[in-house]
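Undergrad: Quick one: sequence plus predicted model below, questions after.
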Amino acid sequence: MRYPAIRSAVLLSALLFSIATLATAQQSQPTIKKVPMERTAANSGEEMFNTYCAVCHGKDAKGDGPAAAALKVPPADLTTLAARHNGKFPSDYVANVLRSGVSEAKAHGSKEMPIWGTLFGTTSEGSNAGNVALRIHNLTLYVESLQAK
């Protein structure tokens with residue numbers, strides 16, 4: 001008769017432990033707070049990167065920004081783009097991802113990345129296609145400048 005009581009106590013302890021662990025895991029699950037897009041200078045790739053990209057990719061562009069933990073797939077290390085493309089920075093690819101979003105999730109990592117071309121069209125400059133192109137160009141040049149040597 002002693003064993004069923006011990007067994008019940010062990011099962012009850014395990015159940016309580018599981019519930020406590022699950023509750024803790026749910027509380028510690030990071031979430032991404034969505035806020036309106038901040039205005040930045042179109043001529044500063046660095047300012048745009050720090051405002052729009054660093055939250056996920058990190059200030060050093062290595063994929064370790066403060067929001068990275070909340071994403072299903074970790075953000076790419078942008079400092080290795082050239083190395084991953086036979087030593088040549090893929091300017092067209094980067095500009096296209098910024099302009100139109102990720103067409104193939106495997107190539108970029110995740111479809112969670114915003115489509116910046118659309119968002120840049122909502123800035124105070126309006127949907128001026130030239131301004132959107134300037135932003136994408138300058139942001140692409142800045143990401144190119146971050147490539148590991």
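TA: On my side now, so go ahead. Numbers count the residues shown, from 1 in each chain.
Undergrad: got the domain boundaries for the protein?
TA: 1-30, 45-145 (automatic domain parsing).
Undergrad: For the residue nearest to Asn128 when sequence neighbours are not counted, the count of nearby residues, please.
TA: Excluding its sequence neighbours, the residue lying closest to Asn128 (C-beta to C-beta, 6 or more residues apart in numbering) is Gly121, at 7.9 Å. Yep, even glycine has a C-beta here, placed from its N, CA and C like the rest. When neighbours are defined as other C-beta atoms under 10 Å, Gly121 has 16 of them.
Undergrad: and the domains of the chain, which one is worst for confidence?
TA: When the domains of the chain are compared by mean pLDDT, domain 1-30 comes last with a mean of 59.
Undergrad: which residues are in contact with stretch 41-49?
TA: Under the contact criterion C-beta atoms under 8 Å, 6 or more residues apart in numbering, stretch 41-49 has outside partners 40, 57, 61, 123, 125, 131, 134-135, 138-143, 145.
Undergrad: 10 Å instead?
TA: 38, 40, 50-51, 53-54, 57, 59, 61, 78, 98, 116, 120, 123, 125, 128, 130-146 (C-beta atoms under 10 Å, 6 or more residues apart in numbering).
Undergrad: Next, the distance between the ends of that stretch.
TA: 11 Å (C-alpha to C-alpha, to the nearest Å).
Undergrad: No further questions, thank you.
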